[in-house]
Structures are given as structure tokens and as C-alpha cells.
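**Student:** I would like to see how this sequence folds:
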Amino acid sequence: MTLIARFRSWLRATFLRSRADAEMDAELRFHIEARTQDLIRNGISPQEAARRARIEFGGIESAREECRETRRADIFESLLQDVRFAALLAAATLLACLVPAHRASRVEPTQALRCE
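**Tutor:** Numbering: from 1, shown residues only. Next up, the predicted model:
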């Protein structure tokens, strides 16, 4: 796959997520159905073959996440999550500094020295 084709694929997966997800779902279904047909050819009943194919394939949702991770289509979502986490940490740090400073500002310095 050329660099231009990879870039186009990444852009499509990032900005046209529903279309890319539909294509991915179709491909995942194809692989499960192909394995089911192989098992049926080996003499297993259709219901049992479908069950075994799903078990062998594993979780569909985990396969989707693995595909998305491979394409790095969720870069904006992870960036947004990082920004939210940074904002939360900044707010916690600000509160950790302001609360003791506010309490210290209410104490009279000469009284504090007398207590020591």
C-alpha cells in the first residue's frame, strides 16, 4: 500500500467513520461466514458451524477496536480525551494550591508567630 493510499484510507476512516465502520462490519461478517462455510463443508451442522466460527473469531467488538487502532482512526477521540484529562488535572492542582493559600491568608502573621 502506497503512502498516498494509506493517507486516503486514514482520512476516510477519520472523517467518514460510519462508512468505514460499515465496510469493516461487512468484512468481519464475510470472514465469519467464510469460516462457517468451511466448517459446514467439513460435515458440521450449520448452527454448530456458525457458533464455532464466532467462537474461533473471537469478539467482534474487540476485532473492530483492533482494526480502528491499526488505522489510527480514533486519533481525534484520544486527543480529546487527553485534553479533558489535562483540564481535570489542572483544576485539581489549582484547588490544591488555592485552598491552603486562602486559609493562610486569613491568619494574622503576628498571631502565628506568637503560637510558635
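**Student:** any idea how far F30 is from E65?
**Tutor:** 19 Å (C-beta to C-beta, to the nearest Å). Any C-beta I mention is one placed from the backbone N, CA and C, and that applies to glycine too.
**Student:** Just the residues contacting stretch 52-63, thanks.
**Tutor:** 28, 31-33, 35-36, 39, 44 (C-beta atoms under 8 Å, 6 or more residues apart in numbering).
**Student:** How is this protein divided into domains?
**Tutor:** With domains defined by automatic domain parsing, the chain comprises 1-73, 75-116.
**Student:** need the ones you listed in CSV with mean pLDDT and mean neighbour count, can you?
**Tutor:** Below are those laid out as CSV (pLDDT from 0 to 100; neighbours: other C-beta atoms under 10 Å):
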stretch, mean pLDDT, mean neighbour count
domain 1-73, 78, 13
domain 75-116, 84, 9
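**Student:** Among the contacts of stretch 52-63, which lie within helices?
**Tutor:** 28, 31-33, 35-36, 39 (DSSP state H).
**Student:** quick one: which of these is nearest to S18?
**Tutor:** L28 (15.5 Å; C-beta to C-beta).
**Student:** Might you report the residue contacts of that closest one?
**Tutor:** 57, 60, 63-64.
**Student:** how far away is it from G59?
**Tutor:** L28 is 11 Å from G59, by C-beta to C-beta.
**Student:** Now do the strands in the protein.
**Tutor:** Ranges of strands in the chain, per DSSP state E: none exist.
**Student:** Mind naming the longest helix for it?
**Tutor:** helix 75-105.
**Student:** That one packs against which elements?
**Tutor:** Of the remaining helices and strands, none touches helix 75-105 by 3 or more C-beta pairs under 8 Å, 6 or more residues apart in numbering; DSSP states H and E.
**Student:** From M24, how far out is F57?
**Tutor:** Distance from F57 to M24, by C-beta to C-beta: 14 Å.
**Student:** One more: E66?
**Tutor:** E66 is 10 Å from M24, by C-beta to C-beta.
**Student:** and if you look at E77?
**Tutor:** Distance from E77 to M24, by C-beta to C-beta: 16 Å.
**Student:** again, but for R52
**Tutor:** From R52 to M24 the distance is 22 Å (C-beta to C-beta).
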